[in-house]
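Novice: need a 3D model of the following:
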Amino acid sequence: MSNFLLACLVGIASTSLMTFALYLLHWRGFANGDMVRALGSFLTRHYENALGPGLALHYTFGVLFTFLYIYVWGMFPEIAADGIWRYVALGVFCGAAQGLVVSMLLVIFVAEHHPLLQFRVAGMRVALAHVLAHVVFGGVVGLMVGWLRLSLIM
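Specialist: Reported below is the predicted structural model:
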């Protein structure tokens, strides 16, 4: 299987687990973690038909960020020499950094301008939920990249 296809599968798997983490936090009442419908309804302006566009956007960005992670990590071959747990640690770090940026943008910009009232409230719990979900994303990308010894650098 080509590295390109493997990277796509890693992106799909890590985005799926990230989405599950968000829905778990949402379902447990911790925060509004319905990111898929929040993304989709930002485009459709309706909650009812937001799932399809939201899934498409969420998975597209997940795969693209997976490619970015793998490409950048591939520029540093010494990471591979340290083994799988170096990738996991790096993934958790990158996921936390990405989660902080996404949370800041979400709380400051998106919530203010979202067309649906239910997604306009984005406080600390929503921000923390997104940071945690991105840590899951990064950790899974790191685990799978380290396990598969995946690189996009030729």
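
Novice: just checking, Thr15 touches Gly62?
Specialist: Yes: if you go by C-beta atoms under 8 Å, Thr15 and Gly62 touch, sitting 2.9 Å apart. Yep, even glycine has a C-beta here, placed from its N, CA and C like the rest.

Novice: spit out the residues that contact the two alike.
Specialist: Residues touching both Thr15 and Gly62 (C-beta atoms under 8 Å, 6 or more residues apart in numbering) are Phe137.

Novice: and Phe67, how many neighbours does it have?
Specialist: 16 (other C-beta atoms under 10 Å).

Novice: so who does Gly91 touch?
Specialist: Shown in contact with Gly91 (C-beta under 8 Å, 6+ apart): Tyr69, Gly138, Gly139, Val140, Val141, Gly142, Leu143, Val145.

Novice: and with 6 Å instead?
Specialist: Gly91 is in contact with Gly138, Gly139, Val141, Gly142, counting by C-beta atoms under 6 Å, 6 or more residues apart in numbering.

Novice: can I get those residues in CSV including distance to Phe109, pLDDT and neighbour count?
Specialist: Shown next, in CSV, are these (distance: C-beta to C-beta, whole Å; pLDDT from 0 to 100; neighbours: other C-beta atoms under 10 Å):
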residue, distance to Phe109, pLDDT, neighbour count
Gly138, 22, 98, 28
Gly139, 27, 98, 23
Val141, 25, 98, 33
Gly142, 28, 96, 28
